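Visitor: Provide a 3D model corresponding to the input given below.
(2 chains)
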Amino acid sequence: DAGITQSPRYKITETGRQVTLMCHQTWSHSYMFWYRQDLGHGLRLIYYSAAADITDKGEVPDGYVVSRSKTENFPLTLESATRSQTSVYFCASRETGGGGELFFGEGSRLTVL
Amino acid sequence: GQQLNQSPQSMFIQEGEDVSMNCTSSSIFNTWLWYKQDPGEGPVLLIALYKAGELTSNGRLTAQFGITRKDSFLNISASIPSDVGIYFCAGQRNAGCPSYGKLTFGQGTILTVHP
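Guide: Numbering: from 1, shown residues only, chains lettered A, B, ... in the order given. Now for the predicted structure:
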């Protein structure tokens, strides 16, 4: 009954490698989001999804790929990691309509060497 | 992309002091939200505001939705050590707007409370 879970929590990889961050939610929320958090920039939206098989770019989508074949899962892939993608990544979900409240996962800290 | 300007960037206060932070935008938002992030965790909603001019309290926290719909304020009274963390404002536009469904976040205010 964790709600929204992310894995891995910590990942170290090398430049050029492919990395996938997983996100799973148990609420059947329609919307899911990926944000990255960097000092001085707050939370910036990478990609979001309004429903299964519907995804759209956010503010900083370059270098990332998402998919949403099932409502509950929203993986984020870095196809060829770069040092600038070192960050803390947060997955979030919300209901359709409602007051806009997002429910966040605990974050995935990614370091690209 | 659309940015929210949040200030101050950081605050160092003594336990018991009051805290104020604010968020401004060059464009209108129809919902304002305030989140808190504890170290090592994801942000958690503190207060949501849905109407211009609205003033809402949640314990020692009080937030206001600016009358112009371009700003919001968060006040914390009588701070305690567990108030430490990063506070984010976020705005959402109405249904019908291209960016509906997405939140735009401020840069965050890092709060440190000295016992």
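
Visitor: C-alpha from now on. contacts and neighbour counts both.
Guide: Fine.

Visitor: Burial check on residue B:23, number of neighbours?
Guide: A total of 25 residues lie near residue B:23 under the criterion other CA atoms under 10 Å in any protein chain shown.

Visitor: following the helix or strand hosting it, which helix or strand comes up?
Guide: Element membership for residue B:23 (DSSP states H and E) is strand B:19-24. Next along the chain after strand B:19-24, taking DSSP H and E as the criterion, comes strand B:31-37.

Visitor: ok now the helix or strand just after that next one, how far from the chain's centre?
Guide: Later in the chain than strand B:31-37, the nearest helix or strand by DSSP H and E is strand B:44-49. Remark: strand B:44-49 is offset 8 Å from the chain centroid, using CA atoms, centre = their mean, to the nearest Å.

Visitor: Same check on stretch B:59-73?
Guide: On CA atoms, centre = their mean, the centre of stretch B:59-73 falls 8 Å from that of its chain.

Visitor: need the residues of chain B near chain A, please.
Guide: Contact residues (CA under 8 Å from any CA of the partner chain) of chain B with chain A: B:1, B:31, B:33, B:40-45, B:48, B:50, B:88, B:92, B:101-108.

Visitor: can we see that at 6 Å?
Guide: B:1, B:41-42, B:105-108 (CA under 6 Å from any CA of the partner chain).

Visitor: who wins for neighbours among those?
Guide: residue B:108 (30 neighbours).

Visitor: That residue is in contact with residue B:88, isn't it?
Guide: Yes. Counting by CA atoms under 6 Å, residue B:88 is a contact partner of residue B:108 at 4.6 Å.

Visitor: so what's the residue of chain A found nearest chain B closest to, chain neighbours aside?
Guide: Residue nearest to chain B within chain A: residue A:42 (3.8 Å; CA to the nearest CA). The shortest distance from residue A:42 to any non-neighbouring residue, by CA to CA, 6 or more residues apart in numbering or on different chains, is to residue B:107 (3.8 Å).

Visitor: For beta bridges, what are the partners of the residue of chain A closest to chain B?
Guide: Beta-bridge partners for residue A:42, by DSSP bridges, are residue A:38.

Visitor: same thing with residue B:20?
Guide: Counting by DSSP bridges, residue B:20 forms beta bridges with residue B:75.

Visitor: tell me, how many neighbours does it end up with?
Guide: If we define neighbours as other CA under 10 Å, then residue B:20 has 15 of them.

Visitor: now swap in residue B:115 and tell me
Guide: Other residues close to residue B:115 by other CA under 10 Å number 10.

Visitor: got the contact list for the closest residue in space to it that isn't next to it in sequence?
Guide: Closest residue to residue B:115 apart from its sequence neighbours, by CA to CA, 6+ apart: residue B:15 at 5.1 Å. Taking CA atoms under 6 Å, 6 or more residues apart in numbering or on different chains as the criterion, residue B:15 is in contact with B:79-80, B:113-115.

Visitor: Looking at neighbours, which among those is most surrounded?
Guide: Busiest of the contacts of residue B:15 [other CA under 10 Å] is residue B:79, holding 22 neighbours.
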